[in-house]
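# Give me coordinates for this.
(2 chains)
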Amino acid sequence: DTGVSQNPRHKITKRGQNVTFRCDPISEHNRLYWYRQTLGQGPEFLTYFQNEAQLEKSRLLSDRFSAERPKGSFSTLEIQRTEQGDSAMYLCASSLATSGEEQYFGPGTRLTVT
Amino acid sequence: GENVEQHPSTLSVQEGDSAVIKCTYSDSASNYFPWYKQELGKRPQLIIDIRSNVGEKKDQRIAVTLNKTAKHFSLHITETQPEDSAVYFCAATLNFGNEKLTFGTGTRLTIIP
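Residues are numbered from 1 along each chain as shown, chains lettered A, B, ... in the order given. Got it, this is the predicted structure:
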């Protein structure tokens, strides 16, 4: 499968624990986005990278959230001290930033905080 | 920042009839408007998009129209089929897609056989 992949697909954790998700974009894509989707809502932007540079972070992204893309390929999203309100689907998307390209979404990581 | 509103939140149509979903946006600088289809438990997938320099775009049974003056755009699905049942999201963004997407709240479309 040459699409965007995300791991794990599901994560159940207890409140207060740290979690880390991984996204592998389509190989030639230089832009990588993270979104969060809660039930019945559209995806909400969290942050995005061009290569290894983090270009924008949403105000939704508290200091408990951190994202990296160290070599400009895969990316990780870490949530520290998880809260029940962090329960959501975390979606990754990638695109090739040229004259405007489709953002291709991964299958998402569903996080449940108990 | 950009704000996108989407209506209706749910829509049921008889198989073979047409469905229309409408979105409005707030930022007049937005210039790229994609529509995504999301089936239950699956990833959002682009079905059609339109740039601000175009008023309408068609792809088989799907069409999108854009009114820049009124800042609204619509998705039209004709001759609906059961496999069209899904949640549809509109979105808006700057820089012809090279920026974050701001999504609407979604429309759950149900096609009644």
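# quick one: low-confidence ranges for the chain?
Going with chain A. A:1, A:99-100 (pLDDT under 70).
# hang on, isn't residue A:25 packed against residue A:72?
No - contact between residue A:25 and residue A:72 fails when scored by CB atoms under 8 Å: they sit 9.7 Å apart. Bear in mind the C-beta positions are built from the backbone N, C-alpha and C, glycine included.
# When these two are compared, which one has more neighbours?
When neighbours are counted by other CB atoms under 10 Å in any protein chain shown, residue A:25 comes out ahead of the other of residue A:25 and residue A:72, with 27 against 14.
# For that one, which non-adjacent residue is spatially closest?
Excluding the flanking residues, the one nearest residue A:25 by CB to CB, 6 or more residues apart in numbering or on different chains is residue A:94, at 3.2 Å.
# Looks like the one you found contacts residue A:28 (just checking).
No - Residue A:94 lies out of contact with residue A:28 (CB under 8 Å); the separation is 9.3 Å.
# which of those two has more neighbours?
residue A:94 (26 against 7).
# Does the more buried one lie in a helix or a strand, and which?
Using DSSP states H and E, residue A:94 maps to strand A:88-95.
# quick one, strands of chain A?
Under the criterion DSSP state E, chain A carries strands at the ranges A:5-7, A:10-13, A:19-24, A:31-37, A:44-50, A:53-57, A:65-68, A:75-79, A:88-95, A:104-105, A:109-113.
# dump the residue contacts of the most centrally placed residue in chain A.
Geometric centre of chain A, nearest residue: residue A:34, 3.4 Å, by CA atoms, centre = their mean. If you count contacts by CB atoms under 8 Å, 6 or more residues apart in numbering or on different chains, residue A:34 has them with A:23, A:45-48, A:67, A:75, A:77, A:90-92.
# ok, 7 Å please
Listed by CB atoms under 7 Å, 6 or more residues apart in numbering or on different chains, the contact set of residue A:34 reads A:46-47, A:67, A:77, A:90, A:92.
# For burial, what's the neighbour tally of residue 50?
If you meant another chain, say so; for now it's chain A. For residue A:50, using other CB under 10 Å, the count is 16.
# my bad, chain B
20.
# what about it, helix or strand, and which?
strand B:45-51.
# quick one: the strands in chain B?
Using DSSP E, strands in chain B cover B:4-7, B:10-14, B:19-25, B:32-38, B:45-51, B:56-59, B:62-67, B:72-77, B:86-92, B:102-103, B:107-112.
# ok, and for the strand holding residue B:50, which residues are buried?
By neighbour count on 16 or more other CB atoms under 10 Å in any protein chain shown, the buried set for strand B:45-51 is B:47-50.
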